[in-house]
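K.L.:
test case, fold it:
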Amino acid sequence: MTINAMLKQLGYQHITPIQEGVFKSFSSPKHMVGIAPTGTGKTHAYLLPILEKMDVKRFEVQALILVPTNELVVQIQHMLLEITSDFVVKTYYAGTNKMREQEWLEKYQPQIVISTPSQIVDYVIESHLLKIHKAKYVVFDEADMMFDEAFLSMIDHLLPAVKNAKYMLFSATLNNEMDPFIKRYFGQFDLIDTRKAHQLDITYKLIHIKHQERTHALLTLLKLINPYLAFIFVSKKENQDVVYQKMVDESYSVANLNASLGIKKRTKLIDEIRALKYQYVVTSDLAARGLDFKISHVIHYDLPHFLEFYMHRSGRTGRMYDSGEVITLMGIDDHRKIAKLKSQGISFDDYNLTTNSLDPVIKKSKGVSEEEKDAIKKIKKPTRVSPNYKKKNKQAIKKIKQEVRRKQYANQNR
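P.N.:
Presented below is the predicted three-dimensional model:
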C-alpha cells in the first residue's frame, strides 16, 4: 500500500511538516533524526514509509520500534493496526507472557517488533529468541524520554545486531544526553527539525494562586471550566491520590492514572479514557510520555521536578491541528521555574483566581511620558566614557524618572 493510500485510509487531508520531511528523506541511505513538537504526527511520519517499503512475503524481522513505556508499545500497535493487518506484529513489554512467546518464536519470527528497550534486550541478547539481524529499520521514538545511562548500556549491546539497518530517532527535543549516542552510531545523518514550522494552537494561562492551598485552588478552578477532556498533572503520587479523592468527593467524572495500577489495568483505563468515560484524568508524568488522546485542557497542578516534562505534559493538548488550553497553578515558590519557561519561549497570559471568576491580570503600562523624556535629555553626558558609564547612566535615568513622577503625583493630589 502506498503512503497516499494509507493517508486516505486514515482520513488525513493534510500532512504535517515532520511527516513531509520524513517522507521526502526516507529513501536516503543516511540515518535520520526527526525533531518536532509533541502532537504533530511523528509516529505516522515513520510508520507509513516503513509499511510502504516492507515485504509482506518475508517472514523475518524487518522493522524494530523502541519506545520508553509499556503504554506506548500498546498505542503504536493500535496505530499500526488501524493502517494495515497484513504484517505479523509482536509487542514486548512488562507483563508479556514470555513462555508463550518463547514457544511461538522457536517456530516463527514477526515482521514488525514494538518493544521497550529492556524487553528487547531480554528477547534478543539474553534469551536469543528474537532474530533481528536482518532488520531494515530501527526506530527510537520519544527518544528524549528514553536516553539515560541504563538505556545506553543496553543499546550498546543491541545495535551491533542491527548494524545494517537504517536508524531513525524521533523526539520533541534534542538534548545533550542524545549527542554521544547520535555521534557514535548515526554518522552523517539527515536532520529534520520542524519545531519552528509547526504553529500549535495552544494558549497558556498562568494562575497566580499565591498562598492558596493548591487543591482548594484546583477545585475552585474546576467550577469555572467545562473541558471536553482535561488531564491534571500532579508530580507526587501521594498528592495525586489526594487530588483524585477530593474530585471524587465533589462528584467529578474522574480517573486516576498511575504506574502502580499495573499494565493490564492501565491499558483498560486508557481505553476507557479514549472512549470518553471520564471528563478528567488525574495523572503523573507517566501520561506525558507520548500517549495520544483528544484533550482540550492540560492543568499543571504543580510544576514537574524536571522542567522539560512541562512541554511533554502540555503537548497532550493541541495535537494535530486541534486547539488546546494549558493552565498552570503558580504558587509563591514557582517564580524561578516560570521565568525559565518564559525564557524558553512560552508566552503566558496571567490570571487571578477568585471564587466566582478567573480574571486576567491587567499589566500597568511602563511607558515613558513626554515630561520624563525631556528630563532625561537634560542629563549631562561625560566628555570621556568610563567603564561604568552605562550603569551610572541607567541610575541617573532611573533617578530623574522617579523625581518627575513624584512631582506629577504631588500635583495630582494637591
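K.L.:
contacts and neighbour counts: CA atoms only from here.
P.N.:
Fine.
K.L.:
for the stretch 1-150 of the chain, just list every one of the strands.
P.N.:
31-35, 63-66, 89-92, 112-115, 137-140 (DSSP state E, counting those that start in this stretch).
K.L.:
to residue 298, which of those strands lies closest?
P.N.:
Proximity to residue 298, assessed across the strands of the stretch 1-150 of the chain by Cα to Cα, is greatest for strand 31-35 (22.5 Å).
K.L.:
can you give me the buried ones in that closest one?
P.N.:
Neighbour counts over strand 31-35 (16 or more other Cα atoms under 10 Å) mark 31, 32, 33, 34, 35 as buried.
K.L.:
flag the shaky bits of the stretch 101-250 of the chain, pLDDT-wise.
P.N.:
Applying pLDDT under 70 to the stretch 101-250 of the chain picks out residues 148-149.
K.L.:
could you redo the last one with a cut-off of 90?
P.N.:
Within the stretch 101-250 of the chain, the segments meeting pLDDT under 90 span 142-160, 163, 172-185, 187-188, 195-202, 210-211, 236-238.
K.L.:
what are the structural domain limits within the protein?
P.N.:
The chain resolves into domains spanning 3-193, 201-360, 370-405 when parsed by automatic domain parsing.
K.L.:
span of the last one from start to end?
P.N.:
With Cα to Cα, to the nearest Å as the measure, the ends of domain 370-405 fall 12 Å from one another.
K.L.:
okay, and the beta partners of residue 171?
P.N.:
Per DSSP bridges, the residues bridged to residue 171 are residue 35.
K.L.:
how close does it get to residue 143?
P.N.:
Counting by Cα to Cα - residue 171 and residue 143 are separated by 5 Å.
K.L.:
next: residue 392.
P.N.:
Taking Cα to Cα, one finds residue 392 at 49 Å from residue 143.
K.L.:
of these two, which one has the most company?
P.N.:
Using other Cα atoms under 10 Å, the more surrounded residue of residue 392 and residue 143 is residue 143, with 22 against 12.
K.L.:
right, and the more buried one touches residue 175 too?
P.N.:
No: Residue 143 is not in contact with residue 175 according to Cα atoms under 8 Å; the separation is 9.6 Å.
K.L.:
overlap in contacts of those two?
P.N.:
Listed as contacting both residue 143 and residue 175 by Cα atoms under 8 Å, 6 or more residues apart in numbering is no residue at all.
K.L.:
surely residue 237 and residue 286 touch.
P.N.:
No: Residue 237 is not in contact with residue 286 according to Cα under 8 Å; the separation is 10.9 Å.
K.L.:
kindly confirm my reading that residue 187 is in a strand.
P.N.:
No: secondary structure of residue 187 (DSSP: H, G, I helix; E, B strand; the rest coil): coil, not part of a strand.
K.L.:
need the pLDDT of residue 83.
P.N.:
pLDDT, residue 83: 94.
K.L.:
test my guess that it contacts residue 10.
P.N.:
Yes: between residue 83 and residue 10 there is a contact at 7.0 Å, judged by Cα under 8 Å.
K.L.:
more crowded one of those two?
P.N.:
Using other Cα under 10 Å as the criterion, residue 83 and residue 10 rank with residue 83 on top: 18 against 12.
K.L.:
and the residue nearest to the more buried one when sequence neighbours are not counted, how many neighbours does it have?
P.N.:
Excluding the flanking residues, the one nearest residue 83 by Cα to Cα, 6 or more residues apart in numbering is residue 6, at 6.3 Å. The tally of other residues near residue 6 (other Cα under 10 Å) stands at 19.
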